[in-house]
Structure formats: structure tokens, C-alpha cells
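>>> fold the following and give me the result.
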Amino acid sequence: MKQKVIFICTGNSCRSQMAEGLLRKLAGERFQVFSAGLEPSRVHPKAIQVMQEIGIDISHHRSEHVNQYLDQEFDFIITVCDHAREHCPYFPGKGQRLHWSFPDPAAAGGSEEEVLAVFRAVRDQIKLALEPFRSAKL
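Residues are numbered from 1 along each chain as shown. I've put the predicted structure just below:
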């Protein structure tokens, strides 16, 4: 049976969406993967773009509210921003809580290329953080 993982962020638009797409690609045979936000909005177009660059399509993802998952048990509850960690609701069960603080790429300023560079850097940081899930060293 697959372990269940949920990534939680403020808007469920960038970091949690990229984490969901990456884990599905890297270890989807071992994990059921979800993402949600405290204040869901939409999946950021630049998150979709930088994931597409590495062959992962998240264009079909939808920004969802964390409340719709509160009655479910997860093996891993992972917050990917400080705001989500501070306001993450209670989940039933004995799921392991992890916190990874990634900068918000949607807040990046500068030229188009500079903003994309921030999105790529955050994507790559998330991928690195997921390595233990990929290699089954949990």
C-alpha cells in the first residue's frame, strides 16, 4: 500500500504544487501525493513552466484548500513555507510532520529571466529535499 503525503503551503500555487509534481515523478509508485493551501488561489503559470522544463506537467493541477483533507490520515504532512507551518491545522493519525522552508518564488522581482531563475532554484531545492523519499531512506 502506498504511503500518503501532503504538501501544504499558503496559496497552493507554487512550492507545494512543484513538490507534488516532483514526488509523483520521482517516487509515485510508492506514494499517494497531494497538495493544499491555507488560502488557495491558482497554480502559478511560472511554476507550470519550470516544471515543464524538466518534463513534469502540472498544468492539470488545481489549487485546493487544506480543509478538504482534514478528515484523512497521512504518513507525511510537509509544510513548505513558514506561514503554513505556523497555521497548519491538525491532521488525525500519527503522520510525521516535516517542515521545509523554501522562499516564495511568486514574490520574486526583476526581469522575466530573473524571476524564472528564482522559480528554477526553488524547484531544484525541493527536488533535493525529496531525495530521501526517492531513495527510500525515510
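>>> and the pLDDT for the most centrally placed residue in the chain?
Centroid-nearest residue in the chain: residue 16, 2.0 Å away (criterion: CA atoms, centre = their mean). Looking at residue 16, its pLDDT reads 97.
>>> do residue 85 as well
Taking residue 85 on its own, its pLDDT is 89.
>>> likewise for residue 92?
At residue 92, pLDDT is 82.
>>> kindly report the same for residue 1.
So residue 1 comes in at 87 (pLDDT).
>>> how many other residues sit next to it?
The burial count assigned to residue 1 is 5, neighbours taken as other CB atoms under 10 Å. C-beta here means a position set from N, CA and C on the backbone, and glycine is covered the same way.
>>> do the same with residue 83
If we define neighbours as other CB under 10 Å, then residue 83 has 16 of them.
>>> and the helices in this structure?
Secondary structure of the chain by DSSP state H: the helices cover 15-27, 45-52, 82-87, 112-129, 131-134.
>>> just the ones you listed: most buried one?
Scoring the helices of the chain by mean neighbour count under mean count of other CB atoms under 10 Å gives helix 15-27 as the most buried, with a mean of 25.
>>> roughly how far apart are residue 47 and residue 92?
30 Å (CB to CB, to the nearest Å).
>>> ugh, wrong one, residue 46
35 Å.
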